[in-house]
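Asker: kindly generate the corresponding structure for this input.
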Amino acid sequence: MKAWLPTLLRLAVLALLVVFITSPGWFEPLLKPLTENGAPAIYNQGSLLTLTLQHLRTVLIATVAATTVAVALAILVTRPAGAEFLPLSRSLVNIGQTFPPVAVLALAVPAVGFGEKPTLIALFLYGLLPIFENALTALTTLPGNVMEAARGAGMTGWQRLMKVELPLSTPVILGGIRLSVVISLATATIGSTVAAKTLGEVIIAGLISNNLAYVLQGGLIVAALAVLIYDGLSAIERYAARRMGQGGE
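Answerer: Coordinates of the predicted model:
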């Protein structure tokens, strides 16, 4: 029973999340005490389900872009021809962590306008570092005997990369993606300050109207998504690690 308890808790959180974003009116009695002067307890300026899906879409696009660029950079700097670009690559991926997200949005809006694009730029820059560092660590700490065996088998550099290096590096790279996604889920909320459709819209509406119920709704949905996605990616990471272990045997 104890072994199943964490899984049951996750399923319960998932079920509550789905019910809340599809039928938020059911929870109005719980949130009503948090309102003042007869203010609505449930966010009524848009659909929570639509905002949740748009929030996830924004995070997904930024994560895919960050993963593509970060892994490509890590591959480049771990090849003999690209080793000299390691310091430059590190500087590039650190840019996103150097500037606050609000500053990135402020700089991006004049260039690309309001909406989703500035948010995607901020999330992309913020997501590069953990993925790049994990990919770099994975590719530079591969077992020497495995690499020698691949060379001895007559594999070309491309074959070693696709059939040996990337598969063995997958669990560690997934760890970087997991961290990047969780950071992006939280950071995406500020995208609503530049008219992006995210769950930050609910939180900002609550702050403007002094409605704690709105703030709690937006915050709890983002928190639940972060926990569930983190656990899901952790499970995928463990599965990939087991597969790699079985393959090594």
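Asker: going forward, measure contacts and count neighbours with C-alpha atoms only.
Answerer: Fine.
Asker: contacting residues for the residue nearest to the spatial centre of the chain?
Answerer: Taking CA atoms, centre = their mean, the centroid of the chain lies closest to V181, which sits 0.9 Å from it. Residues in contact with V181 (CA atoms under 8 Å, 6 or more residues apart in numbering) are 59, 63, 127, 230.
Asker: what are the phi and psi angles of E36?
Answerer: Per-residue torsions, E36: phi -130, psi 150 (degrees, to the nearest 10).
Asker: I'd assumed A213 was in contact with it.
Answerer: No - in terms of CA atoms under 8 Å, E36 does not count as a neighbour of A213; the distance is 9.7 Å.
Asker: the two: which is more packed in?
Answerer: Taking other CA atoms under 10 Å, E36 and A213 do not tie; A213 has more neighbours (26 against 14).
Asker: please enumerate the helices of the protein.
Answerer: Counting by DSSP state H, the chain has helices at residues 5-22, 28-31, 48-77, 86-98, 101-112, 116-140, 144-152, 157-160, 166-187, 200-209, 212-248.
Asker: any chance of CSV for those, columns mean pLDDT?
Answerer: Listed next are the helices of the chain as CSV, based on pLDDT from 0 to 100:
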stretch, mean pLDDT
helix 5-22, 88
helix 28-31, 89
helix 48-77, 94
helix 86-98, 84
helix 101-112, 84
helix 116-140, 92
helix 144-152, 82
helix 157-160, 84
helix 166-187, 92
helix 200-209, 91
helix 212-248, 85
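Asker: deepest-packed of these, please.
Answerer: Stretch with highest mean neighbour count among these: helix 116-140 (a mean of 25; mean count of other CA atoms under 10 Å).
Asker: which helices and strands sit right next to it?
Answerer: Under the contact definition 3 or more CA pairs under 8 Å, 6 or more residues apart in numbering; DSSP states H and E, helix 116-140 sits against helix 48-77, helix 86-98, helix 101-112, helix 166-187.
Asker: distance of the residue of the chain most remote from its centre relative to V146?
Answerer: Ranked by distance from the centre of the chain (CA atoms, centre = their mean), the top residue is G152, with 38.7 Å. For G152, the distance to V146 equals 10 Å [CA to CA, to the nearest Å].
Asker: ok now do the nearest residue to L174 once chain neighbours are set aside, which residues does it touch?
Answerer: Once flanking residues are discounted, L174 sits nearest to E237: 5.9 Å by CA to CA, 6 or more residues apart in numbering. E237 is in contact with 170-172, 174-175, counting by CA under 8 Å, 6+ apart.
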